[in-house]
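Asker: Generate coordinates for the sequence data below:
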Amino acid sequence: QVQLVESGGGLVQAGGSLRLSCAASGRTLSSYAMGWFRQAPGKEREFVAAIRSSGSSKSYADSVKGRFTISRDNAKNTVYLQMNSLKPEDTAVYYCAAEYGVLNSGTRRPDYWGQGTQVTVSS
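Answerer: Residues are numbered from 1 along each chain as shown. Okay, here's the model as predicted:
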């Protein structure tokens with residue numbers, strides 16, 4: 001079993017930055033693809049970004065390209081999401097996900113989900 005715990009969410013003004021962290025316990029993350037998803041009120045959960053187990057390849061939703069950066073530190077069993085130039089439409093609960101295989105925008109049921117962290121961007 002893998003437990004994922006997100007942190008770093010909060011309230012920020014439009015144009016600001018936040019850095020989310022996802023710490024794993026129970027098993028090493030080095031064999032898992034990792035990703036971030038988000039869910040705004042009244043909307044479906046959507047893909048934000050993903051990174052392969054080695055960190056060699058990353059993918060992003062078009063809505064966050066050029067503003068968000070996903071990274072991982074396998075030695076610390078942690079995945080990060082650096083969010084810059086935040087917009088009010090980025091407001092959502094952000095979830096970390098782990099998949100023993102491929103994780104991308106088509107993933108609906110990853111092996112593990114975190115509990116989520118709230119990000120609120122004010123205009």
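Asker: How much space separates F47 from A33?
Answerer: Between F47 and A33 the distance is 12 Å, computed by CB to CB, to the nearest Å. Just so you know, the C-beta spots here come from the backbone N, C-alpha and C atoms, and that holds for glycine as well.
Asker: what sits against S54?
Answerer: Listed by CB atoms under 8 Å, 6 or more residues apart in numbering, the contact set of S54 is empty.
Asker: now do the one 10 residues further on
Answerer: For V64, the residues meeting the contact criterion (CB under 8 Å, 6+ apart) are V48, A49, M83, D90.
Asker: And the helix or strand where M34 lies, what's buried?
Answerer: Mapping M34 onto the secondary structure by DSSP states H and E places it in strand 33-39. Neighbour counts using 16 or more other CB atoms under 10 Å place A33, M34, G35, W36, F37, R38 of strand 33-39 among the buried residues.
Asker: Over to stretch 69-87?
Answerer: Buried positions in stretch 69-87, judged by neighbour count with 16+ other CB under 10 Å: T69, I70, R72, N74, N77, T78, V79, Y80, L81, M83, L86.
Asker: Out of those, name the ones that lie in strands.
Answerer: Judged by DSSP state E, the subset of the buried residues of stretch 69-87 located in strands is T69, I70, R72, T78, V79, Y80, L81, M83.
Asker: so how many other residues sit close to E89?
Answerer: Residues contacting E89 under the criterion other CB atoms under 10 Å number 11.
Asker: the strands in this protein, which residues?
Answerer: Secondary structure of the chain by DSSP E: the strands cover 3-7, 10-13, 18-25, 33-39, 46-51, 58-60, 68-73, 78-83, 92-99, 112-113, 117-122.
Asker: Nearest to S105, out of these?
Answerer: Each of these has some distance to S105 by CB to CB; the shortest is strand 46-51, at 4.1 Å.
Asker: which residues touch that closest one?
Answerer: Taking contacts as CB under 8 Å, 6+ apart, the residues outside strand 46-51 that touch it are 33-39, 57-61, 64, 68-72, 79, 81, 94, 103-105, 107.
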